[in-house]
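Participant: next input, structure requested:
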Amino acid sequence: MLNDRSLATSQHCDSCPIRHRAVCARCESDELERLEDIKYYRKFEAGQTVIWSGDRMEFVGSVVSGIATLTQTMEDGRTQMVGLLLPSDFVGRPGRETAAYDVVATTDLVMCCFRKTPFEDMMARTPHIAQRLLEMTLDELDAAREWMLVLGRKTAREKIASLLSIIARRDASLNLKGSDGPLVFDLPLTREAMADYLGLTLETVSRQISALKRDGVIVLEGKRHVTIPDMGRLLDEAGDDADGGVFA
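Facilitator: From the prediction side, this is the model:
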């Protein structure tokens, strides 16, 4: 079930920062009104568990702000981070009763949640909601396949560059910014979290970020404020095509 320590918050759809990317992106005003009747917002603090693997899913929803991780735990207690949830990503699967992964807030997190059964009913009556969710699911599948390449074949430097490009492009998309000029964003992950996600040591992450900074691929103010002067160059460092791939 949803973590009882979560804090209620509120926001109107008209001012929602993920409106153009979320599952409700194509909803008309009357459909948004129906969604209003079944939605609620929740805020989680960094480090707080949103839902545990195996728990009954009473909701589905979208990340409005912040980042969460998807983690799977083996029987002997070993864990593996298997995914990141960025703003506009969808949490939960209609038709599935229980959560497949632990969902943990990496930063302070705000989620727009929908009561699961009414949302499933609305999907059946509103084809473009189901179509949008299918598109998002296929994008997630493409991203997961691409991430297999990142983890399995890329060098440490390429892994760091790939992760930075993913976060930069999502930030640009959410803020409706073009990619022609410099991209500026605050890195939402600690270096420890980056190391865990990428399968690297903390020392390797720090060393490669410093190398990218020294070579002018990124500009770093403090530990979190990142400027990418030339996105094409960062993509070259990541070993990706200049079109930005599937992570946009």
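Participant: quick one: contacts of the helix or strand Val82 falls within?
Facilitator: Using DSSP states H and E, Val82 sits in strand 79-85. Under the criterion CB atoms under 8 Å, 6 or more residues apart in numbering, residues 63, 67-74, 91, 101, 103, 106, 144, 147, 196-197 lie in contact with strand 79-85. C-beta here means a position set from N, CA and C on the backbone, and glycine is covered the same way.
Participant: point out where the chain drops to low pLDDT.
Facilitator: Scanning the chain for pLDDT under 70 picks out the ranges 1-12, 14, 176, 178-179, 241-248.
Participant: just the buried members of the contacts of strand 79-85?
Facilitator: Using 16 or more other CB atoms under 10 Å as the burial test, the contacts of strand 79-85 include 63, 67-71, 91, 101, 103, 106, 147, 196-197 as buried.
Participant: with respect to Thr190, which of the residues you listed is nearest?
Facilitator: Each of these was checked against Thr190 using CB to CB; the closest is Thr106, at 8.1 Å.
Participant: what's near enough to touch the closest one?
Facilitator: Contact partners of Thr106, counting by CB under 8 Å, 6+ apart, are 46-47, 66-69, 84, 188-189, 193.
Participant: swap in 7 Å and give it another go.
Facilitator: By CB atoms under 7 Å, 6 or more residues apart in numbering, Thr106 lies in contact with 46, 67-69, 188-189, 193.
Participant: nearest residue to the most centrally placed residue in the chain other than its sequence neighbours?
Facilitator: Of all residues in the chain, the one closest to the mean position by CA atoms, centre = their mean is Leu86, 1.7 Å from it. Residue nearest to Leu86 in three dimensions, not counting chain neighbours: Arg170, with 5.0 Å by CB to CB, 6 or more residues apart in numbering.
Participant: my guess is that neighbour contacts Ile67, does it?
Facilitator: No: counting by CB atoms under 7 Å, Arg170 stays clear of Ile67, with 9.8 Å between them.
Participant: give me the common contacts of these two.
Facilitator: Jointly contacting Arg170 and Ile67 under the rule CB under 7 Å, 6+ apart are Leu86.
Participant: beta partners of Ser65?
Facilitator: In this structure, Ser65 bridges to Val110 when assessed by DSSP bridges.
Participant: burial measure for it, as a count.
Facilitator: Other residues near Ser65 come to 18 when the count uses other CB atoms under 10 Å.
Participant: could I get the contacting residues of it?
Facilitator: By CB under 7 Å, 6+ apart, the contact list for Ser65 reads 17, 87, 110.
Participant: the first one and Glu36, how far apart?
Facilitator: In this structure, Pro17 lies at 17 Å from Glu36, with CB to CB, to the nearest Å as the measure.
Participant: neighbour-wise, which of these two wins?
Facilitator: Ranked by neighbour count (other CB under 10 Å), Pro17 and Glu36 place Pro17 first, with 15 against 11.
Participant: so that one sits right up against Asp171, yeah?
Facilitator: No: using CB under 7 Å, Pro17 makes no contact with Asp171, being 10.9 Å away.
Participant: tell me where the chain has helices.
Facilitator: Ranges of helices in the chain, per DSSP state H, are 29-38, 116-125, 127-153, 156-174, 191-198, 202-214, 231-238.
Participant: turn those helices into TSV, including distance to Val184.
Facilitator: Converted to TSV, those look like this (distance: least, CB to CB, whole Å):
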stretch	distance to Val184
helix 29-38	31
helix 116-125	35
helix 127-153	23
helix 156-174	9
helix 191-198	19
helix 202-214	15
helix 231-238	12
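Participant: I am finished for the moment; much appreciated.
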